[in-house]
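Sequence and predicted model, in that order:
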Protein chains: 2
Amino acid sequence: MLTDRQRMILNAIVDDYISSAEPVGSRSISKRGDVGYSPATIRNEMADLEELGYLEQPHTSAGRIPSHKGYRYYVDHLVPWNSAEIAEMGTIRTFFAEKLNATEQVIQHAAMILSNMTNYTSILLGPEVFHTSLRHFQLLPLDDKTAVAIIVTSTGQVENRTVNIPPEISISEIEKVVNLLNSKLKNVPLYKLKTQLYTELGQEMQRHISHYEELMKMLDTALDSENEQRIYLSGATNMLTQPEFKDVDKVKHILDLLEETPTLLKMMSPVPGGPGIQVRIGTENDHEAFANCSLITATYSLDGQALGSIGILGPTRMEYARVMGILGILSRDLTAMLAHWYK
Amino acid sequence: MLTDRQRMILNAIVDDYISSAEPVGSRSISKRGDVGYSPATIRNEMADLEELGYLEQPHTSAGRIPSHKGYRYYVDHLVPWNSAEIAEMGTIRTFFAEKLNATEQVIQHAAMILSNMTNYTSILLGPEVFHTSLRHFQLLPLDDKTAVAIIVTSTGQVENRTVNIPPEISISEIEKVVNLLNSKLKNVPLYKLKTQLYTELGQEMQRHISHYEELMKMLDTALDSENEQRIYLSGATNMLTQPEFKDVDKVKHILDLLEETPTLLKMMSPVPGGPGIQVRIGTENDHEAFANCSLITATYSLDGQALGSIGILGPTRMEYARVMGILGILSRDLTAMLAHWYK
DNA sequence: GTTAGCACTCATCTGAGTCGAGTGCTAACG
DNA sequence: CGTTAGCACTCGACTCAGATGAGTGCTAAC
């Protein structure tokens, strides 16, 4: 669709604009060593590229900036893959050399590393509990009215929540039920837990246990795995350093969105079967506030099952090549590490 | 030290400036219904107040703004206490009416309520685990090399961490030790846990258990209660709406500090024996970035022991009366609620 | 002690003028 | 025919002078 020369010029413009944040003119492109054409020729091509929708002009007599379509083309066809990878390997690998033993810590730390390395905002989605299975369930009375329910998953994650004990039920009965649950529901995936509770155990419990109703109600809240995924943000303020967000009002909307966990969850939830690294440019994000932002995401997984995702949010004028390289490495390494832990 | 009239004028100026964010002139003070003096008189008094250090002039021929000393005087002597309390009671009480059963949820929710009500940034320090005692300890093997250590405190908080199992130690030995720990260390305050482990159990274990060294090392990391207090932030972006922070660079420094958990911990850690509500104005905060901010904090407690604190960060030009009122009520109610839960 | 009057200060706003980067178009060149 | 030089034109960004007005300090009168 595009000629070689057009591709070359588009590439040059995007590169220039990424590093300068200013509309780039024909002369500055022409002056680059690798471009053997005069400004006039570049201008002609630029006019064509604009007509095709790859470039935009803020106003007549300003240089050109890439349009969303231009960025898209750049990301899909022009990003120099290999070169970027190697440069950052060192930093990432030393990160994994530090011994961290809790998954949560790793994710949190990774978020920081990412935002520091890129100077953008990193958004990490903690491992999803949903698809892991039950390792151990426990109900620990605190006083005569409340108890802590503890769920340990096969990946070693611990969920806990406080529940009220119905006054009619005795401690010994609770113990009986908990033992029953542990023997019958062990290794059942969390998302099947509740249905299995009713189908497999319902009858048996109804026979042996008094106050079936109240007990079930309590277990229901106790096992409510809530599917709560943790979101880790880091470097949100890096947004403020980008010249395109020097206007406080615009950045306010962005940062406000970043405080809304549900929005982030939705944005970051892994697309099943999607490619390894996803790039959403400008309006491809659902939120108007992100019209001038790009979100690059990758997923990490265990046993081929996507567990969570890591992402970088920055201006549309973003160092795509570098960020995509870094995310690629980090997601692969995270996946490898998880596989090693929970083989 | 100040005459009644000076106090009245200082009060009027602070009030005006709080709501307008612009230097206030003599005429606008004079026009207020409750002030019966001409602009010229006000001017004379203002000149005196400036000389005393309570007011400042951004430049000649601008109105006056309160100095830090002025705010301090206002907070210490002029804040209209009672009036503020009643207005907000409704909202806060309905917050407590919602049934939330996990402490963490309550704190997080409270942070949101606070920032929404005040339009400032709220910083909450989660309940300190440090002074609570051990209710239950458990070591749950995940595979042959790793286990999850779970600590349940007397207040129902659950801490967990992953540990490596030394290869020399058998499962049955671990069970023995855990049982021993539960019987001997129950109700021991967390901060005494490690010392008691060595003094009370050291000998006994050394006798019964092989591989004492490795085992102790594992328990040491397992019981490392780490004293990790959770910080909850909400409404950080409200800073951006304040006219004094329309400059991106200034606000960047502030938001950067807000991302540093250790800094926040230090700022928010309760002053033992301090008064119920603390106000730190401008440079009274240790960090230069907060020179134009005020931090108002209150603590909540259990059994007279300060557990955590709640705070509001805003510009020095802050609605002190309202915020102090709200914090006062909320901290009292949190304290009451905790007392009710863990009587 | 209080107030009116007045000269003075100084940040902010406005509009005109200048500058320069960059364009589009036309014509000439190889 | 593709490429390039030349030139008029556009338009945001910057600068500077003048106008505006809110607010002060001081003095003198009430």
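Received it, and whenever you're ready, just let me know what you need.

Next, A:Ile150: phi, psi?
When quoted as degrees, to the nearest 10, the phi and psi of A:Ile150 stand at phi -120, psi 130.

So which elements touch the helix or strand containing A:Ala47?
Under the criterion of DSSP states H and E, A:Ala47 resides in helix A:39-51. Contacts defined by 3 or more C-beta pairs under 8 Å, 6 or more residues apart in numbering or on different chains; DSSP states H and E place helix A:39-51 against helix A:4-20, helix A:26-31, strand A:55-56. The way it works is simple: take the backbone N, C-alpha and C, and place the C-beta from them, glycine included.

Most tightly packed of the ones you listed?
Highest mean neighbour count of the helices and strands packed on helix A:39-51: strand A:55-56, a mean of 21 (counted as mean count of other C-beta atoms under 10 Å in any protein chain shown).

hmm, that strand touching DNA strand D?
No: using C-beta under 7 Å from any atom of the strand, we find that strand A:55-56 stays clear of DNA strand D, coming within 13.8 Å at best.

Show me what that strand is packed against.
helix A:39-51, strand A:65-66.

and among the ones you listed, the most buried is which?
Comparing the helices and strands packed on strand A:55-56 by mean neighbour count (mean count of other C-beta under 10 Å), strand A:65-66 ranks first with a mean of 23.

now the closest residue to A:Ser331 other than its chain neighbours, which residues is it bridged with?
Of all residues not flanking A:Ser331 in the chain, A:Ala298 sits nearest, at 3.9 Å (C-beta to C-beta, 6 or more residues apart in numbering or on different chains). Bridge pairing for A:Ala298 (DSSP bridges) gives the partners A:Ile277, A:Ile310.

Any idea how many residues pack against A:Ala298?
Residues near A:Ala298, counting by other C-beta atoms under 10 Å in any protein chain shown, number 25.

for it, what are its contacts?
Shown in contact with A:Ala298 (C-beta atoms under 8 Å, 6 or more residues apart in numbering or on different chains): A:Gly276, A:Ile277, A:Gln278, A:Ser309, A:Ile310, A:Gly311, A:Leu327, A:Gly328, A:Leu330, A:Ser331.

go on, A:Lys145?
Contacts of A:Lys145 by C-beta under 8 Å, 6+ apart are A:Asn164, A:Ile165, A:Pro167.

how much space between the last one and chain B?
By that I understand A:Pro167. Distance of A:Pro167 to chain B, given as C-beta to the nearest C-beta, to the nearest Å: 16 Å.

Dihedrals phi and psi, that residue?
phi -60, psi -20.

what number of residues lie near it?
For A:Pro167, the neighbour count with other C-beta under 10 Å is 10.

Skip the chain neighbours and tell me the closest residue to it.
Using C-beta to C-beta, 6+ apart, the closest residue to A:Pro167 is A:Lys145 (7.5 Å).

pLDDT at that neighbour, what is it?
A:Lys145 is assigned 78 on the pLDDT scale.

Near chain B, which residues of the stretch 151-300 of chain A are found?
Selection of the stretch 151-300 of chain A residues close to chain B by C-beta under 8 Å from any C-beta of the partner chain yields A:152, A:154, A:156, A:158, A:160-164, A:234-237, A:240-241, A:245-246, A:248, A:251-252, A:255-256, A:259.

hmm, 7 Å instead?
A:152, A:156, A:158, A:160-162, A:237, A:240-241, A:246, A:248, A:251-252, A:255-256, A:259 (C-beta under 7 Å from any C-beta of the partner chain).

now for the residues you listed, which pair is the farthest apart?
In these, two members sit farther apart than any others by C-beta to C-beta. They are A:Val152 and A:Lys246, at 48.3 Å.

Which one's more surrounded, the two?
A:Val152 (22 against 13).

Hmm, A:His136 and the more buried one touching each other?
Yes: if you go by C-beta atoms under 7 Å, A:Val152 and A:His136 touch, sitting 4.3 Å apart.

what do these two both touch?
Here A:Val152 and A:His136 share the contacting residues B:Leu140, scored by C-beta atoms under 7 Å, 6 or more residues apart in numbering or on different chains.

pLDDT score assigned to A:Leu100?
For A:Leu100, pLDDT reads 62.

One more: the one 5 residues further on?
Predicted confidence (pLDDT) for A:Gln105: 78.

ok, now A:Tyr37?
Reported pLDDT for A:Tyr37: 95.

Would stretch A:66-86 count as contacting DNA strand C?
No: between stretch A:66-86 and DNA strand C, judged by C-beta under 7 Å from any atom of the strand, nothing touches; the nearest distance is 12.8 Å.

before we move on, the earlier item: ok, the residue nearest to A:Ser331 to DNA strand D distance?
Here A:Ala298 is placed at a distance of 36 Å from DNA strand D (C-beta to the nearest atom of the strand, to the nearest Å).

quick one: what helix or strand has the closest residue to A:Tyr198 other than its chain neighbours in it?
Nearest non-adjacent residue to A:Tyr198, counting by C-beta to C-beta, 6+ apart: A:Met216, 8.0 Å away. Assigned by DSSP H and E, A:Met216 belongs to helix A:212-222.

next SSE after that helix?
Once the chain leaves helix A:212-222, the next helix or strand it forms, by DSSP H and E, is strand A:231-234.

name the helices or strands packed onto that next one?
For strand A:231-234, the elements it packs on are helix A:103-118, strand A:121-125, helix A:261-268, judged by 3 or more C-beta pairs under 7 Å, 6 or more residues apart in numbering or on different chains; DSSP states H and E.

Go again with 6 Å.
Judged by 3 or more C-beta pairs under 6 Å, 6 or more residues apart in numbering or on different chains; DSSP states H and E, the packing partners of strand A:231-234 are helix A:103-118, strand A:121-125.

rewinding a little: now, which of the residues of the stretch 151-300 of chain A next to chain B sits nearest B:Gly36?
A:Val248 (41.0 Å).

just wondering, since we're on the closest one, how far is it from B:Leu240?
5 Å (C-beta to C-beta, to the nearest Å).

Kindly report the same for A:Thr299.
Using C-beta to C-beta, A:Thr299 is found at 32 Å from B:Leu240.

Comparing these two, which shows the higher neighbour count?
Counted by other C-beta under 10 Å, A:Thr299 and B:Leu240 do not tie: A:Thr299 has more neighbours, with 26 against 20.
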